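Student: everything below, folded, please.
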Amino acid sequence: MFREIAASFKVFPQFLDVLFAFGFKLRAEDENFGCYHSRVHRSNDINGNDGHFKFEFTYNLRYPDKHGRDLNDPWSIRNMAVYQQFNSVTTSSSWIILQPSKACYRLLRDFSNGSEYSQARISGLPLVNMLYFWSIEKNWRDYINYLEKELLILEKKAFLSRVGQKKKADFAVAFIDCQDVQQLRKKMRKCDAILKATLEVADGYEGLFRDLAKASLANTDDFELSYFLTYKSRIRSHLRGVAGLLQSSADILQMLFHILEYRNDEVLIRSSDALEKNSEGMRAIAAAASEENKSIVFLTAKSQRDSRMVKIVTVIAMAYLPASLVASILSTDLIQFGSVENDRSTRSQSQSQSQYRVRLAREFWVFPIFSIALLVMTFSIAFGWAQWERLRFRLKGREHTSALA
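Tutor: This is a model prediction of the structure:
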């Protein structure tokens, strides 16, 4: 359909340069693109007089507008393209407008309702395009104020944050603040490029009608051209505002970097002091450990000497244990000693010899039986105690495992 419209109006090919800035895009392309193209055709009338002409002018303008979506940034950059073809024979213009703004819609509605602008002849054509220009200019001031407001938050962090002084209430400066400033600077640079392109379009359109006026092909009075001067003055004012914001943002970014650098140095100094204190503590602990090791070595050597002495005493005691056992048994009534007289045939009847005899008492069997019984009972008690301690240890281990689970 668009091809049929372009063919019917014989749109010049330069319009495609503007047209390609629109359409679905997977990534950011032609974000700052802005241009204009113009062409003038002269022709003779029926009587052969040179005076009829037709001119074409196309341009695109980018402008900020509120998108109405629930986002952190309520603004977005829109793009509008205008194509005008004027014929001096019919004293009428043909327009192609792509993605007009809301103000342009109202302007087109006024045209369709037969307002005074719809009756504009060649002398009023600059005024019609200036209405298009002014329709997208009104949001620039609000958008620049929005950028300035966002920058003011970061400016307070940069200029009111304290370094070297500990305060309870202070701004938390982080690297994300530098990233936010860079995002704002990106938007400002985009605004700067768009405003400069808009200014070039206004200069181009003004130059076109001045050339037509010099060639006596159009009548442009000072009142209509003053609109161009006023419009360009407003655009230059916006450019100065954006330039001031860019300069301020550069200062804020530099200040934030200095604050982060200084605080980073403070952290490094505190970390170095903490490491030094820790190293001193470690050295003190190492010295104490060394002294403790010396004490342990001394105690170990002493315990070794004591163990050797105990070993010697134990060996000596073990040497006396058999004698002590024999003496204990002999001191009881279990073993009795007695003397008897035996006659020898080889000796005389008058001579006799006394002999000693060891005799066990009847109750001697009680000693080994009770000794064995007590030994078995002692080992049974020790074994039972060891089993009970092992069972209790296992139960405690299971309770600890279930508590952790």
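
Student: can you list the weak-confidence ranges in this structure?
Tutor: Confidence mapping of the chain against pLDDT under 70 gives the ranges 1, 24-30, 43-51, 111-127, 164-169, 215-224, 330, 334-358, 405.

Student: output the longest strand belonging to it.
Tutor: strand 50-66 (DSSP state E).

Student: gap between that one and the chain center?
Tutor: 47 Å (CA atoms, centre = their mean, to the nearest Å).

Student: what residues of the helix or strand just after that strand count as buried?
Tutor: Per DSSP states H and E, the first helix or strand lying C-terminal to strand 50-66 is strand 75-87. Using 16 or more other CB atoms under 10 Å as the test for burial, strand 75-87 gives 75, 77-86. Using the backbone N, CA and C atoms, a C-beta is placed for each residue, glycine as well.

Student: equivalent analysis for stretch 199-209, please.
Tutor: Buried residues in stretch 199-209 (16+ other CB under 10 Å): 199, 201-202, 205-206, 208-209.

Student: residue 381: which of the residues you listed is nearest?
Tutor: residue 199 (109.0 Å; CB to CB).

Student: how about the nearest residue to the closest one, chain neighbours excluded?
Tutor: Once flanking residues are discounted, residue 199 sits nearest to residue 235: 4.9 Å by CB to CB, 6 or more residues apart in numbering.

Student: contacting residues around the one you found?
Tutor: Residue 235 sits next to 137, 140, 195, 198-199, 202 when contact means CB atoms under 8 Å, 6 or more residues apart in numbering.

Student: using JSON lines, lay out those residues together with distance to residue 362 and secondary structure.
Tutor: Output for those, formatted as JSON lines (distance: CB to CB, whole Å; DSSP: H, G, I helix; E, B strand; the rest coil):
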{"residue": "137", "distance to residue 362": "138", "secondary structure": "helix"}
{"residue": "140", "distance to residue 362": "133", "secondary structure": "helix"}
{"residue": "195", "distance to residue 362": "134", "secondary structure": "helix"}
{"residue": "198", "distance to residue 362": "137", "secondary structure": "helix"}
{"residue": "199", "distance to residue 362": "140", "secondary structure": "helix"}
{"residue": "202", "distance to residue 362": "144", "secondary structure": "helix"}
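
Student: and those residues, which is closest to residue 376?
Tutor: residue 140 (109.3 Å).

Student: sorry, back to before: neighbouring strands of the longest strand of the chain in the sheet, and parallel or not?
Tutor: Take DSSP bridges as the rule and strand 50-66 pairs in its sheet with strand 36-44 (antiparallel), strand 75-87 (antiparallel).

Student: closest one to residue 386 among those strands?
Tutor: strand 75-87 (84.0 Å).

Student: residues contacting whichever helix or strand comes after that closest one, please?
Tutor: The C-terminal neighbour of strand 75-87 among helices and strands, as given by DSSP H and E, is strand 92-98. By CB under 8 Å, 6+ apart, the surrounding residues in contact with strand 92-98 are 5-6, 9, 11, 15, 18-19, 22, 60, 80-87, 104, 108, 125, 128.

Student: circling back: turn the strands paired with strand 50-66 into TSV, columns for distance to residue 252.
Tutor: Conversion of these to TSV gives the following (distance: least, CB to CB, whole Å):
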stretch	distance to residue 252
strand 36-44	36
strand 75-87	20
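
Student: out of these, the one nearest residue 262 is which?
Tutor: Per CB to CB, nearest to residue 262 of the strands paired with strand 50-66: strand 75-87, 34.4 Å.

Student: and the closest one, how far out from the chain's middle?
Tutor: 41 Å.

Student: also stretch 394-405?
Tutor: 42 Å.

Student: still on that earlier bit, now, which of the buried residues of stretch 199-209 sits nearest residue 276?
Tutor: Among the buried residues of stretch 199-209, and counting by CB to CB, the member closest to residue 276 is residue 199, at 61.5 Å.

Student: enumerate every residue touching that closest one.
Tutor: 232, 235-236, 239.

Student: which strand or helix spans the residue positioned nearest the centre of the chain?
Tutor: Nearest to the mean C-alpha position of the chain, counting by CA atoms, centre = their mean, stands residue 176 at 8.4 Å. For residue 176, the host element (DSSP H and E) is helix 175-214.

Student: please apply the same query to residue 18.
Tutor: Counting by DSSP H and E, the element that carries residue 18 is helix 15-19.

Student: how much space between residue 402 and residue 395?
Tutor: 11 Å (CB to CB, to the nearest Å).

Student: typo on my end, it should be residue 270
Tutor: Distance from residue 270 to residue 395, by CB to CB: 51 Å.

Student: if we can go back for a sec, output the buried residues of strand 75-87 as TSV; include the columns distance to residue 145.
Tutor: Below are those laid out as TSV (distance: CB to CB, whole Å):
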residue	distance to residue 145
75	11
77	16
78	18
79	22
80	22
81	27
82	27
83	33
84	32
85	38
86	37
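
Student: show me what the helix holding residue 18 is packed against.
Tutor: Under the contact criterion of 3 or more CB pairs under 8 Å, 6 or more residues apart in numbering; DSSP states H and E, helix 15-19 touches strand 36-44, strand 50-66, strand 75-87, strand 92-98.

Student: distance to residue 376 for those strands - can I get that in CSV?
Tutor: Compiled in CSV, the helices and strands packed on helix 15-19 are given as follows (distance: least, CB to CB, whole Å):
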stretch, distance to residue 376
strand 36-44, 119
strand 50-66, 102
strand 75-87, 99
strand 92-98, 112
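
Student: so which of those strands is nearest residue 381?
Tutor: It is, among the helices and strands packed on helix 15-19 and with distance given as CB to CB, strand 75-87, at 92.1 Å.

Student: just want the angle from that closest one to helix 175-214.
Tutor: Counting by axes from the mean of the first three to the mean of the last three CA atoms, to 10 degrees, strand 75-87 lies at 10 degrees to helix 175-214.

Student: can I get strand 75-87 in CSV, CA atoms only?
Tutor: Written as CSV, here are the backbone C-alpha positions of strand 75-87 (Å, rounded to 0.1, in the frame of the first residue of the first chain):
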residue,chain,number,x,y,z
TRP,A,75,10.1,9.0,29.2
SER,A,76,11.0,7.5,25.8
ILE,A,77,12.4,8.9,22.6
ARG,A,78,9.9,8.9,19.7
ASN,A,79,10.5,9.4,16.0
MET,A,80,8.3,11.3,13.6
ALA,A,81,8.9,11.7,9.8
VAL,A,82,7.2,14.3,7.5
TYR,A,83,7.1,14.4,3.7
GLN,A,84,5.7,17.5,2.0
GLN,A,85,5.1,18.0,-1.7
PHE,A,86,3.8,21.4,-2.8
ASN,A,87,2.5,22.2,-6.3
